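Novice: here is the input, now give the coordinates:
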Amino acid sequence: MECAVYDTYVTRKDGKIMHFDVIVEASTPHEKAIGYGKEYLKNTGEEGQKITQEECQFCHVQEAPKIVEDSIQQSGYFIQKMEGCP
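Specialist: Okay, here's the model as predicted:
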């Protein structure tokens, strides 16, 4: 499966930066990827933090590893945590 990677930086409630990738099936609209990012923020207690096309930018398309593909098939997306993520 080809997937689209959205490089995302969100300011947490404590002022620190969360850096994560929202990874979705390649044909998924950008707005839907942002929605998945909002869902992730809600699940981490950071609901309401600003996430728009400015914070969640398309980066590239790549072949999805099996764990990523499985998550996308199950829930529509995969979050790759990088920095400042709980």
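Novice: so what's the residue count around Phe58?
Specialist: Taking other C-beta atoms under 10 Å as the criterion, the count of residues near Phe58 is 13. C-betas here are computed from N, CA, C, even on glycine.
Novice: ok, it - contacts?
Specialist: Phe58 makes contact with Ala4, Val5, Tyr6, Asp7, His30, according to C-beta atoms under 8 Å, 6 or more residues apart in numbering.
Novice: tell me which element it falls in.
Specialist: Phe58 is part of strand 56-63, with elements assigned from DSSP states H and E.
Novice: sheet-wise, list the partners of that strand with their directions.
Specialist: strand 2-11 (antiparallel) (DSSP bridges).
Novice: just how off-centre is the strand it pairs with within its chain?
Specialist: Averaging C-alpha coordinates over strand 2-11 and over its chain gives two centres that are 5 Å apart (C-alpha atoms, centre = their mean, to the nearest Å).
Novice: buried sites along it?
Specialist: Of the residues in strand 2-11, those with enough neighbours to count as buried (16 or more other C-beta atoms under 10 Å) are Cys3, Ala4, Val5, Tyr6, Asp7, Thr8, Tyr9, Val10.
Novice: which residue packs closest to the last one, ignoring adjacent ones?
Specialist: Residue nearest to Val10 in three dimensions, not counting chain neighbours: Met18, with 4.8 Å by C-beta to C-beta, 6 or more residues apart in numbering.
Novice: ok so that neighbour is a strand residue?
Specialist: Yes: counting by DSSP: H, G, I helix; E, B strand; the rest coil, Met18 falls inside a strand.
Novice: how about it, what does it touch?
Specialist: Thr8, Tyr9, Val10, Thr11, Arg12, Thr44, Glu46, Glu83, Gly84, Cys85.
Novice: who's in contact with the fourth one?
Specialist: By that I understand Thr11. Ile17, Met18, Gln49, Lys50.
Novice: the second one and Ser27, how far apart?
Specialist: Met18 sits at a distance of 26 Å from Ser27 (criterion: C-beta to C-beta, to the nearest Å).
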